[in-house]
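Undergrad: What follows is a predicted protein model with its sequence.
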Amino acid sequence: MSVSASDTHSRKNANLSAADALAAMTGLIKRATDAGLHVRAGVQCTFGCVYEGEIAEDKVISTFKALASSGARELNLADTTGMANPVQIRRMIQRVKEVLPEQDLSLHLHDTRGLGLANMFAGYEAGVTIFDVATGGLALPVCESATGNVPTEDAVNLFSQLNVDAGINLDKLCIVVDKLEKIFGRKLPGRMSHVLRNRGDTCQ
C-alpha cells in the first residue's frame with residue numbers, strides 16, 4: 001500500500017489530495033493489520049516530485065509516522081520520479097530510522113537519471129537490505145519522465161561485486177532478460193545481459 005507525499009502527484013495518480021489519500025490508506029492499513037496481515041506501506045515521491053520539485057522532509061516523515069501508527073511494519077521509501085541522489089538517500093533513511101526505529105525499511109528506486117545503482121548502494125550502506133527491482137529494468141510509468149526501475153540483473157551484479165549473495169543466479173536471469181527483449185522487440189535498459197552476451201558467456 002502506498003500514498004504520495006506530493007499533492008499534485010497524488011491528484012494525478014489517485015485522483016485524491018495527498019491528505020485524503022493518506023486518510024483512506026491509514027484506514028485500509030488498520031483493517032488489514034486487524035485481520036492479521038503484514039502490511040508494507042510506501043511513500044511515493046519521498047525524494048522529490050516532477051510537478052512540485054523538492055518535497056519537505058518533515059512532510060515525508062509525518063506521512064511515514066501516520067502509516068506506521070496505523071500498523072504498517074515495513075516502510076518503503078519510493079523514488080517515484082527518479083530524482084534521488086545518494087546523499088538524499090542516506091539522509092532520509094537516517095531520519096526515518098531515528099523516528100521509527102522498529103519498522104523495517106525498503107527502497108523503491110528508478111534509474112531515470114542514471115543514479116539507480118548508486119542510490120541502491122547508498123541505501124545498503126545505510127542499512128537497507130530490501131529493494132524493489134525489475135527484470136531488464138522494466139517498470140510501469142506512474143508519472144512524466146520516470147523511466148524503469150533498477151534492473152534486477154544489475155542489482156545482482158552490484159551485490160556480487162560486494163561479495164553479498166542475493167540468492168539469484170545471474171546467468172539464468174540474463175537468459176530471461178534476453179527472452180524478454182525478443183518478446184518486446186527492443187533492447188531493455190539493463191546492462192548485465194548485454195555484458196555477458198558480448199563476452200560470449202551464457203546469455204544468448
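TA: Structure's in. What do you need?
Undergrad: What is the burial count for Gln161?
TA: Gln161 has 9 neighbouring residues, counting by other C-beta atoms under 10 Å. Where C-beta positions appear, they are placed from N, C-alpha and C, glycine not excepted.
Undergrad: Need the pLDDT of it.
TA: Gln161 carries a pLDDT score of 94 in this model.
Undergrad: how about the helix or strand of the chain with the lowest mean pLDDT as PDB, C-alpha atoms only?
TA: Every helix and strand of the chain was ranked by mean pLDDT, DSSP states H and E. The lowest is helix 192-198, at a mean of 84. Extracted C-alpha coordinates of helix 192-198, given in PDB (Å, rounded to 0.1, in the frame of the first residue of the first chain):
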ATOM      1  CA  MET A 192      24.400  -7.200 -17.500                       C
ATOM      2  CA  SER A 193      22.700  -9.400 -20.100                       C
ATOM      3  CA  HIS A 194      24.500  -7.400 -22.800                       C
ATOM      4  CA  VAL A 195      27.800  -7.600 -20.900                       C
ATOM      5  CA  LEU A 196      27.600 -11.300 -20.700                       C
ATOM      6  CA  ARG A 197      26.400 -11.700 -24.300                       C
ATOM      7  CA  ASN A 198      29.200  -9.600 -25.700                       C
END
